[in-house]
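**Student:** Everything below, folded, please.
(2 chains)
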Amino acid sequence: EAQVTQNPRYLITVTGKKLTVTCSQNMNHEYMSWYRQDPGLGLRQIYYSMNVEVTDKGDVPEGYKVSRKEKRNFPLILESPSPNQTSLYFCASSLFGAAGAYYNEQFFGPGTRLTVL
Amino acid sequence: DAKTTQPNSMESNEEEPVHLPCNHSTISGTDYIHWYRQLPSQGPEYVIHGLTSNVNNRMASLAIAEDRKSSTLILHRATLRDAAVYYCILRDGGGGSQGNLIFGKGTKLSVKP
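**Tutor:** Here you go, the predicted structure:
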């Protein structure tokens, strides 16, 4: 089944403790992206990747890192989490990057609910 | 990206058609109209998209006004599973995009049995 998977689905952690949220897609998609969703603010893009080894900042990148060493995986790293990073996180992928970004549908993962105490 | 305006909420009865409106008066000639929905406790899900002509797929139909300043997502027979927040999003076909979807507040659709 074609899908985007995220792990963990739920995570409670403490301030400053490094964590990684994994994202994997099995559709051979070039483009992958991370969003966070907060009440009243909607979904906002954190980082995106047009292809392997190509990543760039989205609208709210502060406090986050990403890497894209393989096409299928796009982990989100919080080196020193803070309470303002408590949010619902979604990973997404689509077939093509920039050239087809405007018409490709994006496939979203099920979400990771992160709480930072 | 141009802005869209949608009603905050709408109600429908099960098995009846639903018309979800979206205004985008500042749309440019290269903007595609996309619709996504987000069911409770799930990630957003692609529904349909179009440029100028009306579009149909297995999930819904998209009716685009002749001047392209508005569009309507049509669910032909609403089911309880269609209760979700529906987002109308414009995507620039002119290139140079970082590929992100700009989600507004959307329309929360409730479906009554």
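**Student:** CA only for contacts and neighbour counts going forward, please
**Tutor:** Fine.
**Student:** least trustworthy helix or strand in chain B by mean pLDDT?
**Tutor:** strand B:84-92 (a mean of 91; mean pLDDT, DSSP states H and E).
**Student:** The residue nearest in space to the middle of chain A: what's it in contact with?
**Tutor:** Nearest to the geometric centre of chain A sits A:Trp34, at 2.5 Å (CA atoms, centre = their mean). Counting by CA atoms under 8 Å, 6 or more residues apart in numbering or on different chains, A:Trp34 touches A:45-48, A:76, A:89-92.
**Student:** For B:Ala84, name its beta-bridge partners.
**Tutor:** Beta-bridge pairing of B:Ala84 under DSSP bridges involves B:Leu109.
**Student:** In PDB, could you pull the C-alpha coordinates for the least confident helix or strand of chain B?
**Tutor:** C-alpha atoms of strand B:84-92 as PDB (Å, rounded to 0.1, in the frame of the first residue of the first chain):
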ATOM      1  CA  ALA B  84     -13.900  17.000   7.800                       C
ATOM      2  CA  VAL B  85     -12.200  20.400   7.300                       C
ATOM      3  CA  TYR B  86     -12.000  21.200   3.600                       C
ATOM      4  CA  TYR B  87      -9.300  23.500   2.400                       C
ATOM      5  CA  CYS B  88      -9.200  25.400  -0.900                       C
ATOM      6  CA  ILE B  89      -5.600  26.200  -1.900                       C
ATOM      7  CA  LEU B  90      -4.100  28.100  -4.800                       C
ATOM      8  CA  ARG B  91      -0.900  26.800  -6.200                       C
ATOM      9  CA  ASP B  92       1.300  28.900  -8.500                       C
END
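**Student:** which residues of chain A score low on pLDDT?
**Tutor:** A:97-103 (pLDDT under 70).
**Student:** Strands of that one, residue ranges please.
**Tutor:** Ranges of strands in chain A, per DSSP state E, are A:4-7, A:10-13, A:19-25, A:31-38, A:42-51, A:54-57, A:65-66, A:76-78, A:87-94, A:107-108, A:112-116.
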